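Novice: Need a 3D model of the following:
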Amino acid sequence: MARTDSDTWSITEGVGPTALGVAMARAGESSAGCPLFDDPFAQVFIDAAVALGWELPTGAMAERIRAVSGYAASRTKWFDEFFIAAGAHGVEQSVILGAGLDSRAWRMPWVSGSVVYEIDQPQVLEFKLDVLRAHGAEPNARYVPVPVDLRQDWPKALRDAGFDATQPAAWSAEGLLPYLPAEGQDRLFAQIIEMAVPSSRIAVESFGAAFFDPANLAARREQLRRLREDSGDDGPDIEDLWFVEERTDVAQWLTAQGWEVTSIDARRLMDRYDRCTPDDAEDAFPNTVFVDARLSSAASTGPIAAIA
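Specialist: Numbering: from 1, shown residues only. Below is the predicted model:
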């Protein structure tokens, strides 16, 4: 699939199946002997997609999902803890950007009065809600879907859905940024900053220069080539869905805006959660950085600095 600035997709086409791949990883973690979390809906989404005609990944793609399962589990746990901490500090609004098949509104405990806004493609959110309703699932917080493309005027759609820009919020961007053009990523964070008030928080899976380094991408392509040769599979390459472009360093930019920033790279995060990976899985430790930022009451809320 060739990406364009105005493309769209359902859960079984284009970018949509990447959410199903992540759901497969979450389902695997949930059934593990000592799971980092329990996602009872992950397998439900997979079964529903198969019923629509989606074919379960096999060969090279299935191997890749298994190879990054420890990373996917660690990432999920880190974002879970981010929202729990935000709620413990009195933040009642949460905004999940590019929500995909995230089920946190249903599977996590939320502080009384919490509201969870999910933004994604209309067809993706429709699929998710249809499946959950069919299984009688009820959210543990007030849930508000915002069916809009993040490349459109999503801040207006979010406010129209009830978001209160005078109150702090917890924002998350998980598994999202490579699917946005570099300019779209910059605009996304500028729009978040414009709606942020003191005590707001942002959690980001950041894909920077190291991730898009030509040598790193070449190693990923070589691994996929070997997997395809071994399995005889000719599945799609996820890199075809990314916008491979030079990008702003998220942590540096948020720091320049006056946010208090902490970060941890993927390898150290997986060590924290004791998630090992095969020694020969080059992409089992993606060159990503997990950024947690908070806007303190003392921070300046003046004009937004230009994004380099």
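
Novice: can we go C-alpha only for contacts and neighbour counts from here?
Specialist: Noted.

Novice: Test my guess that residue 12 contacts residue 48.
Specialist: No - with contact defined as C-alpha atoms under 8 Å, residue 12 does not reach residue 48; the gap is 10.6 Å.

Novice: So those two - more neighbours on which side?
Specialist: residue 12 (20 against 15; other C-alpha atoms under 10 Å).

Novice: show me the contacts for the more buried one.
Specialist: Residues near residue 12 by C-alpha atoms under 8 Å, 6 or more residues apart in numbering: 49, 54.

Novice: I'd guess it is in a helix, am I close?
Specialist: No - Residue 12 is assigned coil when assessed by DSSP: H, G, I helix; E, B strand; the rest coil, not a helix.

Novice: how close does it sit to residue 67?
Specialist: With distances taken as C-alpha to C-alpha, to the nearest Å, residue 12 is found 22 Å from residue 67.

Novice: again, but for residue 287
Specialist: Taking C-alpha to C-alpha, one finds residue 287 at 15 Å from residue 67.

Novice: cool, residue 269 as well?
Specialist: Taking C-alpha to C-alpha, one finds residue 269 at 16 Å from residue 67.

Novice: again, but for residue 130
Specialist: From residue 130 to residue 67 the distance is 31 Å (C-alpha to C-alpha).

Novice: So the two - more neighbours on which side?
Specialist: residue 67 (21 against 12).

Novice: Tell me the pLDDT of residue 237.
Specialist: Per-residue pLDDT puts residue 237 at 63.

Novice: Check residue 228 too.
Specialist: 62.

Novice: before we move on, what about residue 212?
Specialist: 75.

Novice: Tell me which helix or strand comes right after the helix or strand that contains residue 60.
Specialist: In this structure, residue 60 is located in helix 59-67 according to DSSP states H and E. For helix 59-67, the succeeding helix or strand toward the C-terminus, using DSSP H and E, is helix 69-88.

Novice: For that following helix, list every residue counted as buried.
Specialist: 69-79, 82-83, 86-87 (16 or more other C-alpha atoms under 10 Å).

Novice: Likewise for stretch 9-27?
Specialist: Neighbour-count burial for stretch 9-27 [16+ other C-alpha under 10 Å]: 10-12, 14-27.

Novice: now stretch 150-160
Specialist: Buried, per 16+ other C-alpha under 10 Å, within stretch 150-160: 150, 154, 155, 157, 158.

Novice: Residue 106 contacts residue 135, doesn't it?
Specialist: No - with contact defined as C-alpha under 8 Å, residue 106 does not count as touching residue 135 (12.0 Å).

Novice: With neighbour numbers in mind, choose between the two.
Specialist: residue 106 (19 against 11).

Novice: Just the pLDDT for the more buried one.
Specialist: Model confidence at residue 106 (pLDDT) stands at 98.

Novice: where's it, which helix or strand?
Specialist: With DSSP H and E as the criterion, residue 106 is inside helix 104-107.

Novice: which residues sit against that helix?
Specialist: 38, 39, 40, 80, 116, 137, 138, 139, 140, 141, 143.

Novice: mind checking which helix or strand the first one is in?
Specialist: If I follow you right, that is residue 38. Using DSSP H and E, no element contains residue 38; it sits outside every helix and strand.

Novice: what sits in contact with each of residue 12 and residue 48?
Specialist: By C-alpha under 8 Å, 6+ apart, no residue touches both residue 12 and residue 48.

Novice: Looking at the buried residues of helix 69-88, spot the one nearest residue 124.
Specialist: residue 76 (19.3 Å; C-alpha to C-alpha).
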